[in-house]
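S.K.: Predicted model follows, preceded by the sequence.
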Amino acid sequence: MIDAIPSNVFLYENSCLLNWSKNKDLIFCNFKNGIIKTKNIIFATNGFLKSLGIKSNYNFPITLTASMTRKLSDEEFKSIGEPKEWGVLPVRPMGATIRMTKDRRILIRNTAEVHEGGANLRKQLENMQIHGVSPVVAINVFPGDHDGDIKAIEEIAEEYGARVATTTHFAEGGKGAAVLAEAITEAAEEPSEFKVLYPDEMPLRDKVQIIAQKIYGADGVSFSTQANKQIDTYEANGFGDLPVCIAKTHLSISSDSSLKGAPTGWTLPVREVRASVGAGFVYPICGDMRTMPGLGAKPAAASIDIDESGEIVGLS
């Protein structure tokens with residue numbers, strides 16, 4: 001990016017701002033090695049900005065990265081249709097933006113969306129803290145992943161004091177996962193105080209309630225008439241002390257697969273409750289969740305056929 005900076009933009013590295021003042025239309029920024037005069041200034045610092053007293057009521061911490069190409073050659077510029085200066089804004093707040101600058105450079109601002117999308121990771125880390133164990137966040141890096149996105153995930157993990165293992169096992173196999181194995185070993189060896197969510201004697205409805213609110217972030221739980229009758233039957237027959245394993249979609253921390261991140265303001269709908277007494281648990285079934293295991297969207301049988309020579313194809 002440094003190589004792509006326009007000639008009218010100056011970069012001063014490792015320059016600590018000592019103080020600043022304003023005189024009429026000019027702002028004077030005093031550094032250890034000199035003074036910079038400008039008409040406008042943007043303050044970019046860390047999450048402690050409010051404590052600095054700079055527009056304390058009008059700011060909030062945010063992390064951004066930007067990538068900018070060198071100036072496009074005439075041939076490159078022509079290949080994309082010689083567009084005028086333009087910009088593409090995201091539908092989602094704080095998403096990535098793409099701009100074509102006046103001097104034929106493509107500027108991409110990103111990473112803020114990674115922090116926003118990190119709500120689910122934050123919730124999972126909170127859940128680990130509730131249980132009193134040491135989490136390890138594994139970042140499975142694929143070729144082409146952006147360093148800024150990886151850094152954003154690392155920062156989220158570090159907010160919660162979690163170990164981070166940035167792995168490359170997709171490209172390098174076991175060698176690329178060695179750092180993860182080391183991080184897990186360290187976490188397993190350190191002292192921890194595992195805590196269960198509820199005691200065995202807690203009523204089944206309360207067990208479901210505490211899981212929904214503390215782990216999933218729901219406002220509450222709604223039990224169908226059928227579910228209430230089943231719970232009453234299990235408790236009357238002495239199965240109320242069994243732990244609860246909730247059956248719901250895996251596509252969201254909520255019971256609605258369309259809700260991403262760490263949604264709030266929703267209610268966990270318990271449709272029915274079943275008991276696996278031999279295995280030792282009760283499992284409420286939520287929403288439209290099905291208990292048929294492991295079936296893909298397209299059955300393998302749909303790909304099996306007989307070719308022109310009479311050979312069976314599509315078995316593997």
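M.R.: Received, thanks.

S.K.: Gly240 and Asp232, how far apart?
M.R.: 10 Å (C-beta to C-beta, to the nearest Å). Bear in mind the C-beta positions are built from the backbone N, C-alpha and C, glycine included.

S.K.: These two: which is more packed in?
M.R.: Gly240 (18 against 14; other C-beta atoms under 10 Å).

S.K.: Just the pLDDT at the more buried one, thanks.
M.R.: Per-residue pLDDT puts Gly240 at 96.

S.K.: again with Tyr58
M.R.: 48.

S.K.: Kindly report the same for Ala183.
M.R.: We have a pLDDT of 94 for Ala183.

S.K.: go on, Ile130?
M.R.: Reading off the confidence values, Ile130 has pLDDT 93.

S.K.: which stretches of this structure form strands?
M.R.: Assigned by DSSP state E, the strands in the chain fall at 17-23, 26-31, 34-38, 65-68, 86-88, 97-100, 106-110, 136-140, 163-167, 220-223, 267-276, 281-286, 305-306, 312-313.

S.K.: what about the residue nearest the centre of the chain, distance to Gln213?
M.R.: For the chain, the residue nearest the mean C-alpha position is Gly118 (2.6 Å; C-alpha atoms, centre = their mean). As judged by C-beta to C-beta, Gly118 and Gln213 stand 21 Å apart.

S.K.: which residue sits closest to Leu259, ignoring its sequence neighbours?
M.R.: Once flanking residues are discounted, Leu259 sits nearest to Ser252: 4.8 Å by C-beta to C-beta, 6 or more residues apart in numbering.

S.K.: Measure how buried the one you found is and give me the count.
M.R.: Neighbours of Ser252 using other C-beta under 10 Å come to 18.

S.K.: show me what contacts it?
M.R.: If you count contacts by C-beta atoms under 8 Å, 6 or more residues apart in numbering, Ser252 has them with Ser258, Leu259, Lys260, Pro263.

S.K.: Kindly report the same for Cys286.
M.R.: Shown in contact with Cys286 (C-beta under 8 Å, 6+ apart): Ile246, Ala247, Lys248, Thr249, Ser255, Leu268, Pro269, Val270, Arg271.

S.K.: pLDDT score for Ile54?
M.R.: 46.

S.K.: Could you do the one 10 residues further on as well?
M.R.: Turning to Leu64, the model gives it a pLDDT of 57.

S.K.: isn't Lys32 right next to Leu17, touching?
M.R.: No - counting by C-beta atoms under 8 Å, Lys32 stays clear of Leu17, with 9.3 Å between them.

S.K.: The two: which has the busier surroundings?
M.R.: Leu17 (14 against 9).

S.K.: Quick check, that one in contact with Asn30.
M.R.: Yes - under the criterion of C-beta under 8 Å, Leu17 makes contact with Asn30 at 7.4 Å.

S.K.: What's the end-to-end length of stretch 106-126?
M.R.: Using C-alpha to C-alpha, to the nearest Å, one end of stretch 106-126 lies 38 Å from the other.

S.K.: Same question for stretch 102-122.
M.R.: First residue to last in stretch 102-122 (C-alpha to C-alpha) measures 39 Å.

S.K.: before we move on, what about stretch 160-168?
M.R.: Terminal-residue distance, stretch 160-168 (C-alpha to C-alpha): 23 Å.

S.K.: remind me which residues of the stretch 101-250 of the chain are low pLDDT?
M.R.: By pLDDT under 70, the low-scoring segments of the stretch 101-250 of the chain are 109-117.

S.K.: So Asp147 versus Ile106, what's the distance?
M.R.: Applying C-beta to C-beta, one obtains 18 Å for the distance of Asp147 from Ile106.

S.K.: With neighbour numbers in mind, choose between those two.
M.R.: Higher neighbour count among Asp147 and Ile106: Ile106, with 17 against 11, using other C-beta under 10 Å.

S.K.: For that one, give the beta-bridge partners.
M.R.: Met100 (DSSP bridges).

S.K.: Next, the contact list for it, please.
M.R.: Met68, Thr69, Leu72, Ile98, Arg99, Met100.

S.K.: change it to 7 Å
M.R.: Taking C-beta atoms under 7 Å, 6 or more residues apart in numbering, we find Ile106 in contact with Thr69, Ile98, Met100.
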